[in-house]
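**Q** Let me see the structure of the following:
(chains A and B)
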Amino acid sequence: EAQVTQNPRYLITVTGKKLTVTCSQNMNHEYMSWYRQDPGLGLRQIYYSMNVEVTDKGDVPEGYKVSRKEKRNFPLILESPSPNQTSLYFCASSSEGLVKNIQYFGAGTRLSVL
Amino acid sequence: AQKITQTQPGMFVQEKEAVTLDCTYDTSDQSYGLFWYKQPSSGEMIFLIYQGSYDEQNATEGRYSLNFQKARKSANLVISASQLGDSAMYFCAMREGRRSGNTGKLIFGQGTTLQVKP
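**A** Okay, the predicted model is just below:
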């Protein structure tokens, strides 16, 4: 089954404790992206990757890191989480970064930083 | 700047009836893609339907159809024969083109909450 898999689905952590949210897709997609969804602010792009070893900042990259060592994986790293990073996070992928390409989303990760 | 506007925060529909969710967009690009996603209370984001700016026919996917009016810059979602499982938040989105400085991201509207009544 074609899918984008995020883990964990739910995470409660404390300020400053490094964490990684994993994202994996089995569709051989070149383009991958991370979004965060917050009430009143909608979905905002954090980072994206056009292909292996090619990553770049989205609209809200502060406090996050990513890497793309393999085509299928695109982990999101919070080196020192803070309460303002409490949010619903989505990983998405598409075959390319073109306007016609559908972005498929993972099931989401609900993160609470205390 | 590209923008998506959904003016209906909440909608009700009776089971088995059709419902239209409104979406207008703003872009100066000639080539763009419009998408609808469904977000149930469980939180996942589910792709429903896609319309390309050069597509001459309105997109359809099962009970979902997209009423695309390019001159009016609207891309309304029509759900026919509503079911209880259609109760969810619905997002209209537009994908940025690969022009210089753009990231290929999706630009989302604020969403419309649909409740289907039995």
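
**Q** Enumerate every residue touching the residue of chain B found nearest chain A.
**A** Residue nearest to chain A within chain B: B:G104 (3.3 Å; CB to the nearest CB). The way it works is simple: take the backbone N, C-alpha and C, and place the C-beta from them, glycine included. For B:G104, the contacting residues are A:31, A:33, A:48, A:50, A:94, A:97-98, B:95-96, B:98, by CB atoms under 8 Å, 6 or more residues apart in numbering or on different chains.

**Q** cool, A:F105 as well?
**A** A:F105 neighbours (CB under 8 Å, 6+ apart): A:4, A:90-92, B:37, B:44-47.

**Q** Give the PyMOL command for selecting the buried subset of the contacts of B:G104.
**A** To isolate the buried ones among those in PyMOL, judged by 16 or more other CB atoms under 10 Å in any protein chain shown, type:
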select buried, (chain A and resi 31+33+48+50+94+97) or (chain B and resi 95+96)
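
**Q** elements contacting the helix or strand hosting A:T5?
**A** Element membership for A:T5 (DSSP states H and E) is strand A:4-7. When contacts are defined as 3 or more CB pairs under 8 Å, 6 or more residues apart in numbering or on different chains; DSSP states H and E, strand A:4-7 sits against strand A:19-25, strand A:87-94.

**Q** What are the buried residues along that strand?
**A** A:4, A:6.

**Q** One more: stretch A:84-95?
**A** Residues A:85-94 are the ones in stretch A:84-95 that count as buried (16+ other CB under 10 Å).

**Q** ok so, going back, show me what contacts the residue lying closest to the residue of chain B closest to chain A once chain neighbours are set aside?
**A** Using CB to CB, 6 or more residues apart in numbering or on different chains and skipping residues adjacent in sequence, the residue nearest B:G104 is A:G97, 3.3 Å away. Residues in contact with A:G97 (CB under 8 Å, 6+ apart) are A:30-31, A:48, A:50, B:98, B:103-104.

**Q** The residues you listed into TSV, with extra columns for secondary structure?
**A** Converted to TSV, the contacts of A:G97 look like this (DSSP: H, G, I helix; E, B strand; the rest coil):
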residue	secondary structure
A:E30	coil
A:Y31	strand
A:Y48	strand
A:M50	strand
B:R98	coil
B:T103	coil
B:G104	coil
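
**Q** taking these as a set, which two sit the farthest apart in space?
**A** Greatest spatial distance among those (CB to CB): A:E30 and B:T103, at 13.9 Å.

**Q** What sits closest to A:C91 if chain neighbours are left out?
**A** A:C23 (3.5 Å).

**Q** Can you get me a residue count around the one you found?
**A** Neighbour count of A:C23, defined by other CB atoms under 10 Å in any protein chain shown: 25.

**Q** what pairs with it across the strands?
**A** Going by DSSP bridges, A:C23 is paired in beta bridges with A:Q6.

**Q** Report the residue spans of chain B with pLDDT below the cut-off.
**A** Low-confidence segments of chain B, defined by pLDDT under 70: B:97-101.

**Q** List the residues that contact the nearest residue to A:R36 once chain neighbours are set aside.
**A** Leaving aside its chain neighbours, A:R36 sits nearest to A:S87 (4.4 Å; criterion: CB to CB, 6+ apart). A:S87 makes contact with A:36-38, A:111, according to CB under 8 Å, 6+ apart.
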